[in-house]
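>>> I'll drop the sequence and a predicted model, then ask my questions.
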Amino acid sequence: MADGLIVEPAVLQVGTDQMSAALQQAAIGFIRHDDELAEAAPGWIGASQQALGELAARWELQHSHHKITVAEISNNVIEVAQRYVQNEAASAQALTLAGESGF
C-alpha cells in the first residue's frame with residue numbers, strides 16, 4: 001500500500017455513484033445522437049446519403065468500443081471499492097480477534 005494513502009469508503013462510494021450517473025447520462029446522449037442520425041438520413045440523397053450512412057456506421061463502431069471501455073472502467077472501479085471495503089473489514093476483524101486473544 002502506498003505511504004500516506006487515505007481512503008474513505010463513503011467517499012469512494014459517492015465517487016462510484018457519480019461515475020455511474022455520468023455514464024447513464026452519456027448513454028442517454030449516445031442514444032439521442034443515434035436517433036438524430038437515423039431521423040436525418042431520409043433527408044439526404046445520392047452521395048451525401050451514402051456518406052452519412054458510412055459516417056453512421058463508423059460512429060456506431062466507435063460508440064460500441066466506447067461503451068465497452070466505459071463499462072469495463074465502471075466495473076473495475078466498483079470491484080476495487082468492494083475489495084477495499086472487504087479488506088478493511090477483514091483487517092478490522094483480525095485486529096479485534098488479536099485484541100481479544102491478548103496480543
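That came in fine, so what should we check first?
>>> any stretches of this structure with poor pLDDT?
1-3, 103 (pLDDT under 70).
>>> remind me, longest helix of it?
helix 46-100 (DSSP state H).
>>> packing partners for it?
helix 9-40 (3 or more C-beta pairs under 8 Å, 6 or more residues apart in numbering; DSSP states H and E). Glycine gets a C-beta too; all of them are placed from N, C-alpha and C.
>>> the helix it packs on versus helix 46-100: what angle between them?
170 degrees (axes from the mean of the first three to the mean of the last three C-alpha atoms, to 10 degrees).
>>> now do the buried residues in helix 9-40.
Across helix 9-40, burial judged by 16 or more other C-beta atoms under 10 Å covers Leu12, Thr16, Phe30.
>>> residues in contact with the second one?
When the contact criterion is C-beta atoms under 8 Å, 6 or more residues apart in numbering, the partners of Thr16 are Ser74, Val77, Ile78, Ala81.
>>> for ChimeraX, write the select line for the buried members of the residues you listed.
Those of the contacts of Thr16 that meet the burial criterion (16+ other C-beta under 10 Å) are gathered into one ChimeraX selection, given here:
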select :81
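>>> between the contacts of Thr16, which is closest to Leu5?
Taking C-beta to C-beta as the measure, Ala81 is the one of those closest to Leu5, at 14.3 Å.
>>> name the surrounding residues that touch stretch 60-76.
Counting by C-beta under 8 Å, 6+ apart, Thr16, Met19, Ser20, Leu23, Ala26, Ala27, Phe30, Asp34 sit against stretch 60-76.
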